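Enquirer: Quick check, what structure comes out for this input:
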Amino acid sequence: MLTTRRTFLRSASAAVAAPVVLRRSYRVFAQSPSQPEKTYPERVVRLMRESVVIDMLNQFLYRTDQRDLLNRWLDQPSTFTEADFQKFHSSGLTAIGFGNGANSLADAQRLFSRYNNLMLTHPQWFQRIETTADFASAHETGRFGILFNLQSSAQFGELNDVNTLFGLGLRASQLSYNFRTLVADGAFEPHDAGVSEYGAKVIERMNTVRMAVDLGHASDQTKLDAIQLSKVTPIISHSNCRALIPNGLRATTDDALRKLAARGGVMGITDIAFMVKSTEPVTVEDVVDHYDHVRDLVGIEHVGMGSDAGIESNDLGDPKIGQRQLDTADPRYHVHGTAEIVKGLQGPTRAYELTAALVRRGYTDDHIRLILGGNWARVLKEIWGA
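Expert: Residues are numbered from 1 along each chain as shown. As a prediction, the model looks like this:
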């Protein structure tokens, strides 16, 4: 049997996630009615079981056809069942930074209230992540950790809103989404002006309360400005490498990666097909190329997971089932092919599949642990101070 530091739920339902032992390999999801059985080498399962696994940008439930289900869980938490929990638990993820946005302070307050209601109703299944000790706690108890990380800055209408939302659990926030905000410009803004004067004050206040400055979706100039302005290490929760996808406006340049790494920052690699490669087919191996690039450019300590996908599968043969179609004719902004998420990384097996690909590529156990969550735990401890 595997020796593991993780204590899974002590109930019969934990069998959904428990691997079935084969010779030098394990069957995972063998007893799950909703997920096909998968077989992984012992090393892959051991690394997943032993590691604190953090996906810094995960959509929880992402597909548009499941939004009614998510709203029911948030508005009526008693409808969330143990079988529902097992879909999240079986993914092997310890914690996620959820991928929501907010249009105002009031909108963010309502959003946090709904998620808090779900977590407080089911404390045996969920843990809100506020310190890095919470990652360890979620890992040991088998709960699913949720880190409040907004993909917006509109919630910061006034500087004191930063303090208010930190008090409500917000531990990381982007400075922009795709286009211009009062704080900074996003990656699709045609006239990139970077961080605004007000944005510099927001960054300073985020530093003061020790909220992570997230440069996911930031424009090139916003990234450079924020890395220079922030007195606390910034992060990029989810992006890819511009060197591998030159037309990818959401991708990060080598210059920005070097400057981020010099500050001790970490970038999460996404599994969104059009952000990985500009032509099909797009494979898991193409995703690992981005991990390779960050490792080779600035070091293994500066890369982690930021899938930008949900727990559930998105492989329905319909690219519109997601929400990433922008109102523009520019094909660089659009899903290509029949799936939005890279094939093989589309469901709850995502972290297992990534780990298996890293093993095939020759990564050491120590390096895989850093990618799975060690780098995020380290940088967030530096930022949060706990």
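Enquirer: how about the helices in the protein?
Expert: 42-50, 67-75, 82-89, 105-121, 132-141, 160-167, 197-209, 220-229, 254-262, 273-276, 284-298, 350-361, 365-369, 375-384 (DSSP state H).
Enquirer: Next, the distance between the ends of stretch 248-261.
Expert: End-to-end distance for stretch 248-261: 21 Å, by C-alpha to C-alpha, to the nearest Å.
Enquirer: ok, back up a step: to residue 191, which of the helices of the chain lies closest?
Expert: helix 220-229 (10.1 Å; C-beta to C-beta). Heads up, the C-betas are built off the backbone N, CA and C, glycines and all.
Enquirer: Residue 299: neighbour count?
Expert: 12 (other C-beta atoms under 10 Å).
Enquirer: hang on, I meant residue 346
Expert: 21.
Enquirer: now do residue 110
Expert: 12.
Enquirer: again, but for residue 70
Expert: By other C-beta under 10 Å, the residues close to residue 70 number 18.
Enquirer: For it, report the pLDDT, please.
Expert: As predicted, residue 70 sits at a pLDDT of 89.
Enquirer: picking that back up, please identify the most buried of the helices of the chain.
Expert: When you average the neighbours per residue for each of the helices of the chain (mean count of other C-beta atoms under 10 Å), helix 273-276 leads with a mean of 26.
Enquirer: Point out the other helices and strands that that one packs with.
Expert: helix 284-298 (3 or more C-beta pairs under 8 Å, 6 or more residues apart in numbering; DSSP states H and E).
Enquirer: pLDDT weak spots in the stretch 51-200 of the chain?
Expert: 62-64 (pLDDT under 70).
Enquirer: switch the cut-off to 50
Expert: The stretch 51-200 of the chain contains no residues with pLDDT under 50.
Enquirer: Just give the number of residues close to the closest residue in space to residue 185 that isn't next to it in sequence.
Expert: Excluding its sequence neighbours, the residue lying closest to residue 185 (C-beta to C-beta, 6 or more residues apart in numbering) is residue 219, at 4.3 Å. Using other C-beta under 10 Å, residue 219 is surrounded by 28 other residues.
Enquirer: dump the residue contacts of residue 219.
Expert: Each residue near residue 219 by C-beta atoms under 8 Å, 6 or more residues apart in numbering is listed here: 176, 184-187, 189, 192, 194.
Enquirer: circling back to that earlier point, and the helices of the chain: which comes nearest residue 235?
Expert: helix 375-384 (6.2 Å).
Enquirer: now the contacts of residue 219 as a markdown table including distance to residue 264 and neighbour count?
Expert: Formatted as a markdown table, those follow (distance: C-beta to C-beta, whole Å; neighbours: other C-beta atoms under 10 Å):
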| residue | distance to residue 264 | neighbour count |
| --- | --- | --- |
| 176 | 22 | 30 |
| 184 | 21 | 30 |
| 185 | 24 | 27 |
| 186 | 24 | 24 |
| 187 | 23 | 24 |
| 189 | 27 | 20 |
| 192 | 25 | 17 |
| 194 | 22 | 21 |
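Enquirer: Identify the residues contacting the closest residue to residue 144 other than its chain neighbours.
Expert: Spatial nearest neighbour of residue 144, chain neighbours left out: residue 88 (4.8 Å); criterion: C-beta to C-beta, 6+ apart. By C-beta under 8 Å, 6+ apart, residue 88 lies in contact with 144, 311, 348.
Enquirer: For the first one, name its beta-bridge partners.
Expert: With beta bridges defined as DSSP bridges, residue 144 has these partners: residue 126.
Enquirer: so which of the helices of the chain gets nearest residue 150?
Expert: Of the helices of the chain, nearest to residue 150 by C-beta to C-beta is helix 105-121, at 6.5 Å.
Enquirer: Thought residue 74 was touching residue 117, still the case?
Expert: Yes - counting by C-beta atoms under 8 Å, residue 74 is a contact partner of residue 117 at 7.0 Å.
Enquirer: which residue packs closest to residue 97, ignoring adjacent ones?
Expert: The nearest residue in space to residue 97 (C-beta to C-beta, 6+ apart) is residue 149, at 3.7 Å.
Enquirer: do residue 289 as well
Expert: Counting by C-beta to C-beta, 6+ apart, the residue nearest residue 289 is residue 244, at 5.9 Å.
Enquirer: neighbours of that neighbour, just the number please.
Expert: 16.
Enquirer: picking up where we left off before, ok, the residue nearest to residue 97 - contacts?
Expert: So residue 149 contacts 56-57, 97-99, 170-174, 212, 214, 237 (C-beta under 8 Å, 6+ apart).
Enquirer: that older thread, mind checking the backbone torsions on the residue nearest to residue 185?
Expert: phi -70, psi 170 (degrees, to the nearest 10).
Enquirer: pLDDT value on the residue nearest to residue 289, please?
Expert: On the pLDDT scale, residue 244 gets 98.
Enquirer: roughly how far apart are the residue nearest to residue 97 and residue 199?
Expert: 18 Å (C-beta to C-beta, to the nearest Å).
Enquirer: Quick check, central residue of the protein?
Expert: Centroid-nearest residue in the chain: residue 57, 2.0 Å away (criterion: C-alpha atoms, centre = their mean).
Enquirer: need the contact list for the residue lying closest to it once chain neighbours are set aside.
Expert: Counting by C-beta to C-beta, 6+ apart, residue 238 is the residue found nearest to residue 57 once chain neighbours are left out, at 3.9 Å. Going by C-beta under 8 Å, 6+ apart, residue 238 touches 56-57, 216, 268-270, 306-308.
Enquirer: so how far is stretch 293-309 from its chain's centroid?
Expert: On the basis of C-alpha atoms, centre = their mean, to the nearest Å, stretch 293-309 sits 12 Å off its chain's mean C-alpha point.
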